[in-house]
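Q: here's my sequence, what's the structure:
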Amino acid sequence: MNIVASIDSMGLLASILAITLLAGVVKGAVGFAMPLIMVSGLGSLLEPRLAVAALILPIVLSNALQVLRSGPREALQAMRDFWLYLVLVCGMILISAQFLTVIPSNTMFLVLGVPVVVLCGIQLLGLRLVIPEGRRTLGAVIAGLLSGSLGGLAGTWGPPTVLYLVAIETPKARQIVVQGVIYGLGSVMLLLGHVQSGVLNRGTVGLSALLVVPAAIGMWAGFRVQDRIDQATFRRVTLLVLMLAGLNLIRRGLM
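A: Below you'll find the model as predicted:
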């Protein structure tokens, strides 16, 4: 059954489009958080696995736009510098995506919500987690495995990635480029993984394709925001929103 055709409430459809638009604006402005916002928002309106299916194509598009904006030279350099992290994230997304259809919905909410709250809380408290130069390979392995696992199960691997990049003291401009590459390749793996798992199928792909439009509009607006305001302030506001989203996911998981 085509999911789009089954949505008979204009209010529901408008809410779905608005959530995707907001996610695109935040993604364009700070380089991450689209999956978290969409999973949290759409998960309150749709069945959890449908929410994950809906965000797949918008994520692929938004990450492609982010990489293209940075330029091919910077993207290739980021791939060379972070190849180990990329391999681990992509591999774990493919593996963990296969478990989405057998894990209870409340478990999935908790798996996503708890790390989001913890990681956002760490950053909002101003605590700096610095990985020493000699332990950055181990840090890449741990963060890559965690990010990829969350990516396959819940469609988001942004928070662990951001925390890892901050911990190795990546400059802000460089961080945006690296995030685009990591999320871009990871989103392709997410697409392939959920085609294989059956989450993205003939019935759900229509909704995901529809949401590409508000995601693109939101990204365009977010890029304008990124160029005009202090990004550190905006990122802090984003983390507060994500903290609330994570708490909501935990609430739903416990209920």
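Q: wait, residue 180 sits on residue 71?
A: No - the pair residue 180 / residue 71 is not scored as a contact, 10.3 Å apart, by CB atoms under 8 Å. Just so you know, the C-beta spots here come from the backbone N, C-alpha and C atoms, and that holds for glycine as well.
Q: compare those two and say which is more crowded by neighbours.
A: More neighbours surround residue 180 than the other of residue 180 and residue 71, with 24 against 11 (other CB atoms under 10 Å).
Q: now the more buried one: how far from residue 45?
A: Distance, residue 180 to residue 45, by CB to CB, to the nearest Å: 28 Å.
Q: likewise for residue 32?
A: Taking CB to CB, one finds residue 32 at 22 Å from residue 45.
Q: the more surrounded of these two?
A: Just comparing residue 32 and residue 45: by other CB under 10 Å the higher neighbour count belongs to residue 32, 27 against 17.
Q: got the phi and psi for that one?
A: phi -150, psi -180 (degrees, to the nearest 10).
Q: how about it, nearest residue that isn't a chain neighbour?
A: residue 158 (3.9 Å; CB to CB, 6 or more residues apart in numbering).
Q: which residues does the one you found contact?
A: Counting by CB atoms under 8 Å, 6 or more residues apart in numbering, residue 158 makes contact with 32-36, 179, 183.
Q: pipe those into JSON lines and attach pLDDT and secondary structure per row.
A: Listed next are those as JSON lines, based on pLDDT from 0 to 100; DSSP: H, G, I helix; E, B strand; the rest coil:
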{"residue": "32", "pLDDT": "80", "secondary structure": "coil"}
{"residue": "33", "pLDDT": "79", "secondary structure": "coil"}
{"residue": "34", "pLDDT": "87", "secondary structure": "helix"}
{"residue": "35", "pLDDT": "81", "secondary structure": "helix"}
{"residue": "36", "pLDDT": "77", "secondary structure": "helix"}
{"residue": "179", "pLDDT": "86", "secondary structure": "helix"}
{"residue": "183", "pLDDT": "84", "secondary structure": "helix"}
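Q: so which of those residues comes closest to residue 220?
A: For these, the closest approach to residue 220 (CB to CB) belongs to residue 34, at 13.7 Å.
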